[in-house]
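Visitor: just coords:
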């Protein structure tokens, strides 16, 4: 499109320049010719007073010698014979033919005859005897075309400047049209490859701007649909795990025997199938993190929502829960579905890998350059934190897909943060998720051991106790 606009602009400008420059060049040439012959006619008319007084050769020679053109050999006077059979008076070098001279006398007006090296201006002058003398003035070719070449060069330069300028303007306009189209095509390609955070600036010509708005709206709807699907999968997993927990507890009271063992094996098989479904959904999950100005979510709101979600299972298992730091909005540069998936992974690990009635807590600390989310429990802890962060490494833990902490790590690293595993004040595991608010600076500060200042909230934080 860009080169097409340049070609069209070039063709149109060339046609306009040719349409105006060629006639203007011919007009300049004609004006130079008229100027040269007008000057020559004026100089030739200067001898009319002398011819009106006398036709004596000596006097005429003197008059010719005093002119500008006489000494240069460009002026001649042709006086017809005064009496029949007499000799005509010829002064100077004649260049025009006898026919041109006779025609000038007969017509009684100035004429121009083309001669070798230029032109001859023939100016008729009436004598006192009633006859007509002819003053011949030679006009060289260079005087007729004087200044024409310069004018044509100026016109050519102006034409070239117009062509170059129009091409440059067309190229800039083409870039303004092509770049939004290229960005739209690139975003569509990224979206097709599963990078659902691809967006395009809503700028450019009205048509392309409208297309960008439609594309961004479509991408937002796709992200929302995937988020809804993940929410549905999370709801399904919760609904399945709750009856599975009841079944697992009930099988413990069945005692021994083939039927009891078969029931326990069926429950374990069902738990494994649920884990496979969750693992498959997590591995196939495309990138849905939004990018650009305004992207992100309220971490406090998401934490409150997920705790409401997991509270039913916590109540069933008799777990005490503490949530702090969620009274005020905490904006982070993470898409809401990404944070939901990370929190579900962390809380799911607590429920799967700690005994029932084990307490846990979630703390949100909002600093200037980072937000820290702490998930702590009073369980047995993690023996090898580095191995737990490796993607797909579930160790020997039953009911583990090995993807939960990797999901959390990738979410944090996308903001320039990181994930650390240590010992909690509750006696078990503490997972610290560092979410950077300003690129890599937050992560570097975290590696130096800096922690953001905690905001005073007027108490120890919101406490939610779920008693079994």
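Guide: Received, thanks. Keep in mind that what you see is a predicted model, and the values were worked out from it rather than measured.
Visitor: the strands in the stretch 351-468 of the chain, which residues?
Guide: Assigned by DSSP state E, counting those that start in this stretch, the stretch 351-468 of the chain shows strands spanning 360-366, 370-377, 418-423, 429-436.
Visitor: wait, which of the ones you listed is closest to residue 23?
Guide: strand 429-436 (69.2 Å; Cβ to Cβ). Every C-beta, even on glycine, is put in place using the N, C-alpha and C of the backbone.
Visitor: helices or strands up against that closest one?
Guide: Packing contacts for strand 429-436, counted by 3 or more Cβ pairs under 8 Å, 6 or more residues apart in numbering; DSSP states H and E, involve helix 336-353, strand 370-377, helix 404-413, strand 418-423, helix 440-447.
Visitor: For residue 91, which non-adjacent residue is spatially closest?
Guide: Among residues not flanking residue 91 along the chain, residue 77 sits closest, at 4.3 Å (Cβ to Cβ, 6 or more residues apart in numbering).
Visitor: who does the one you found bridge with?
Guide: Listed by DSSP bridges, the beta-bridge partners for residue 77 are residue 91, residue 135.
Visitor: Dump the helices and strands packed on strand 429-436 into a markdown table; add distance to residue 311, mean neighbour count and mean pLDDT as well.
Guide: Compiled in a markdown table, the helices and strands packed on strand 429-436 are given as follows (distance: least, Cβ to Cβ, whole Å; neighbours: other Cβ atoms under 10 Å; pLDDT from 0 to 100):
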| stretch | distance to residue 311 | mean neighbour count | mean pLDDT |
| --- | --- | --- | --- |
| helix 336-353 | 10 | 23 | 86 |
| strand 370-377 | 15 | 24 | 94 |
| helix 404-413 | 20 | 21 | 82 |
| strand 418-423 | 25 | 16 | 92 |
| helix 440-447 | 30 | 17 | 43 |
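Visitor: For the residue most central in space within the chain, give me its contacts.
Guide: In the chain, the residue lying closest to the centroid (Cα atoms, centre = their mean) is residue 179, at 4.5 Å. Counting by Cβ atoms under 8 Å, 6 or more residues apart in numbering, residue 179 makes contact with residue 204.
Visitor: And it, what's its pLDDT?
Guide: On pLDDT, residue 179 comes in at 79.
Visitor: Mind telling me what element it is part of?
Guide: helix 148-192 (DSSP states H and E).
Visitor: how far away is residue 200 from residue 99?
Guide: Distance of residue 200 to residue 99, computed by Cβ to Cβ, to the nearest Å: 82 Å.
Visitor: likewise residue 197?
Guide: Counting by Cβ to Cβ, the gap from residue 197 to residue 99 is 93 Å.
Visitor: Please say which of the two ends up with more neighbours.
Guide: Legend: neighbour count by other Cβ atoms under 10 Å for residue 197 and residue 99, higher for residue 197 (20 against 9).
Visitor: got CSV for the helices and strands packed on strand 429-436, with distance to residue 54 too?
Guide: Converted to CSV, the helices and strands packed on strand 429-436 look like this (distance: least, Cβ to Cβ, whole Å):
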stretch, distance to residue 54
helix 336-353, 114
strand 370-377, 114
helix 404-413, 114
strand 418-423, 117
helix 440-447, 107
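Visitor: which regions of the stretch 201-350 of the chain sit below the pLDDT cut-off?
Guide: Within the stretch 201-350 of the chain, the stretches with pLDDT under 70 are 230-239, 241-242, 245-246, 276-295.
Visitor: Let me fix that, I meant to ask about the stretch 1-150 of the chain.
Guide: For the stretch 1-150 of the chain, residues meeting the criterion pLDDT under 70 lie at 1-2, 85-86.
Visitor: For it, which segments count as helices?
Guide: 2-45, 48-53, 57-65, 98-107, 141-144, 148-192 (DSSP state H, counting those that start in this stretch).
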